[in-house]
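A.B. asks: Give the three-dimensional model of this entry:
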Amino acid sequence: MAKHIKKTLISAFVVFIFIVAAFQAHLLASLIWWRSHNPTTTAFMESRLTLMRQTTPSAKLLYVWIPYGKISEHLKRAVLTSEDDKFVDHDGFDWEGIQKALEKNERRGKVVAGGSTISQQLAKNLFLSGERSFARKGQEAVITVMMESVMDKRRILEIYLNVVEWGDGVFGAEAAARHYFGTSAAQLNASQAARLAAMLPRPRFFDKNRDSPYLARRAEGIKQRMHLAQLP
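C.D. replies: Okay, the predicted model is just below:
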């Protein structure tokens, strides 16, 4: 009986390992495909659309893909300044930023900072749910490593700027530029770009609170520093 149970457990473990390996292979294959093909949707987009349709069945996302060269350099610099000023130098993880975030959270007694890089954010947006767990963070780290291995920094930033959430149902730089300023992502000026970058931690909140004094101050701070950002 004991031998039978042991054999069953070993078989179950082997199956589990096979499933996990197959899933990781699927993620890697997707990332390789996206080196030269543009994502038409992401896990986070699908999740948001599902929630929106619970109250508005006909709801649609605002999402328009545009190539890297047609995105304002101001916006690229502003987003890097706001979200990941070491983007071109790190391997997907900003260890100093993570340490600072942990120290800040410890001082506040709650999670108020995450220290996630653009690569980590993109890994989460492309494949994962919004839940907070060690397992999800671990999977995010694995995807980040794979992404940094198969994509260059320019492509990672291009995809990020096209799929990041910028408001209630608003995804990507082009949709955001049209939604907030009635212009294209290519035509965004420094002030507009800084304001969009300032919204990123809480885009849906700031979509509804566009006159927030905090948003104005944060945008101005980004604008003053964005000339220092290094573009890939």
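A.B. asks: pLDDT below threshold where in the chain?
C.D. replies: 1-16, 18, 97-98, 100-115, 129-131 (pLDDT under 70).
A.B. asks: Recalculate using a threshold of 50.
C.D. replies: Regions of the chain meeting the criterion pLDDT under 50 cover residues 110-113.
A.B. asks: can you give me the helices in this protein?
C.D. replies: 2-33, 43-55, 73-83, 95-108, 118-127, 134-150, 153-163, 173-181, 190-199, 203-208, 213-225 (DSSP state H).
A.B. asks: neighbours around Gln224, how many?
C.D. replies: 11 (other C-beta atoms under 10 Å). From N, CA and C alone the C-beta is placed, and that goes for glycine too.
A.B. asks: My error: substitute Gly138 in the last question.
C.D. replies: Residues lying near Gly138 (other C-beta under 10 Å) number 10.
A.B. asks: Can you give me the distance of it to Ser116?
C.D. replies: 14 Å (C-beta to C-beta, to the nearest Å).
A.B. asks: Please apply the same query to Lys86.
C.D. replies: For Lys86 relative to Ser116 (C-beta to C-beta), the value is 12 Å.
A.B. asks: How about Ala198?
C.D. replies: 17 Å.
A.B. asks: List the buried residues of stretch 78-92.
C.D. replies: By 16 or more other C-beta atoms under 10 Å, the buried positions in stretch 78-92 come out as Ala78, Val79, Leu80, Thr81, Ser82, Glu83, Asp84, Asp85, Phe87, His90, Gly92.
A.B. asks: what's the answer for stretch 180-200, then?
C.D. replies: Buried, per 16+ other C-beta under 10 Å, within stretch 180-200: 180-181, 184-185, 188, 190, 192-200.
A.B. asks: And that stretch, how far out from the chain middle?
C.D. replies: Its chain's C-alpha centre and that of stretch 180-200 lie 18 Å apart, by C-alpha atoms, centre = their mean, to the nearest Å.
A.B. asks: Equivalent analysis for stretch 205-217, please.
C.D. replies: Offset of stretch 205-217 from its chain centre (C-alpha atoms, centre = their mean): 21 Å.
A.B. asks: Pull it out as CSV, backbone CA atoms only.
C.D. replies: The C-alpha coordinates for stretch 205-217 follow below in CSV (Å, rounded to 0.1, in the frame of the first residue of the first chain):
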residue,chain,number,x,y,z
PHE,A,205,-7.8,57.5,-10.3
PHE,A,206,-6.1,60.4,-12.1
ASP,A,207,-8.4,59.9,-15.2
LYS,A,208,-11.2,60.9,-12.8
ASN,A,209,-9.2,63.4,-10.9
ARG,A,210,-7.3,65.3,-13.5
ASP,A,211,-7.1,68.6,-11.5
SER,A,212,-5.3,66.9,-8.6
PRO,A,213,-2.6,69.2,-7.2
TYR,A,214,-0.5,66.2,-6.5
LEU,A,215,-0.6,65.1,-10.1
ALA,A,216,0.4,68.7,-11.2
ARG,A,217,3.4,68.7,-8.8
